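Trainee: what shape does this take:
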Amino acid sequence: MAGEWRPDPSGQFEVRWWDGQQWTDQVGNQGQVFTAPLGAPAPGQQPAPQQQQPAPQPQAPQQHGGQQAPSLADSFAGISGELVDGRFSENEESPIAKQNRKMLRVRVGEPFFARQGSMVAYQGNVDFAFEGGGASRFIKKALTGEGLPLMRCAGQGDVFLADLAKDVHLLQLENSALSISGTNVLAFSASLDWNIERVKGGSMLTGGLFNTLLRGSGWVALTTDGPPVVLNAAEAPTYADTDAIVAWSANLQTHLVSSMKASALIGRGSGEAVQVAFSGPGFVIVQPSEGIQFPVQ
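Mentor: Take a look at the predicted model:
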């Protein structure tokens, strides 16, 4: 005999789950499902005297908010295959986790920021609003070209984020700072302060290079176009193409290096041989791509 919801024999809750042989601890009351031993009082009520009642006759499951949600197996009844065997089920290990190598799942508790257009799915009651960042940041975006189009995500539920099937990586900042290319930012907690800042070491020859600076304590999700390499700048002088750099420790010393004569040999994203030189204790994240290349008209 299949299990079903039946009126709670103790009279303390609306319904209790009958597994086909005995009463269980799973109960439903006022649209909520939780566990309570048989005879336990409802939240906020005093225990009622125990009364022996005959087991109720089988009846159709109750159709209301307290009904037990169908299991994943029930949802896939009559369907089999790798897509429904559990390996691609929602990852619920922690509130913020990688669903897989190319997708992030965020359980909305506190509001957070995400790249506009990165939401691929969500469950629950979640509100998405444009995040302009204020007049000063808007002006910096217009003048520098360092675009970081954000949306503010708030409410209750799960949000799934991705960006062009790029690899997703999670970092946790603890009273620290990270300089990130705006194109590689997927999402970050609202507890982090962000701004657009010029990379130190520029010159009239190399022009300006601007990045997004995240500072404070919180989580940040980055994307890379392929598996990245993380370089320890303290080991040796470190140089990287401006279009391949994903992020670096904000405490690193930087300066831009330009070699017009080597423009045909070194790098291809800049059109000129422009690299960022790093020194000091810290790390640099570099992706195996220089972004989408557009043909010159």
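
Trainee: rest of the way, CA atoms for contacts and neighbours
Mentor: OK.

Trainee: direction included, what does the host helix or strand of A97 pair up with?
Mentor: Secondary structure from DSSP states H and E places A97 in strand 96-100. The strands beside strand 96-100 in its sheet (DSSP bridges) come out as strand 103-108 (antiparallel).

Trainee: could I have the strand it pairs with exported to PDB, CA atoms only?
Mentor: Taking C-alpha atoms only, strand 103-108 is exported to PDB below (Å, rounded to 0.1, in the frame of the first residue of the first chain):
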ATOM      1  CA  MET A 103      27.200  27.200 -13.500                       C
ATOM      2  CA  LEU A 104      26.900  28.900 -10.100                       C
ATOM      3  CA  ARG A 105      23.900  28.400  -7.700                       C
ATOM      4  CA  VAL A 106      23.200  31.000  -5.100                       C
ATOM      5  CA  ARG A 107      20.600  30.600  -2.400                       C
ATOM      6  CA  VAL A 108      19.300  34.100  -1.900                       C
END
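
Trainee: can you list the residues that contact it?
Mentor: 91, 95-99, 126, 153-162, 165, 167-168 (C-alpha atoms under 8 Å, 6 or more residues apart in numbering).

Trainee: got a quick PyMOL command for the buried subset of those residues?
Mentor: A single PyMOL command is used to select the members of the contacts of strand 103-108 judged buried by 16 or more other C-alpha atoms under 10 Å:
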select buried, resi 96+97+98+99+126+153+154+156+158+159+160+161+162+167+168
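
Trainee: which parts of stretch 27-37 are buried?
Mentor: Neighbour-count burial for stretch 27-37 [16+ other C-alpha under 10 Å]: 27-29, 33, 36.

Trainee: again with stretch 121-132
Mentor: Buried residues in stretch 121-132, counting neighbours by 16+ other C-alpha under 10 Å, are found at 126, 131.

Trainee: distance between that stretch and the chain's centre?
Mentor: With C-alpha atoms, centre = their mean, to the nearest Å as the basis, stretch 121-132 stands 13 Å off its chain's centre.
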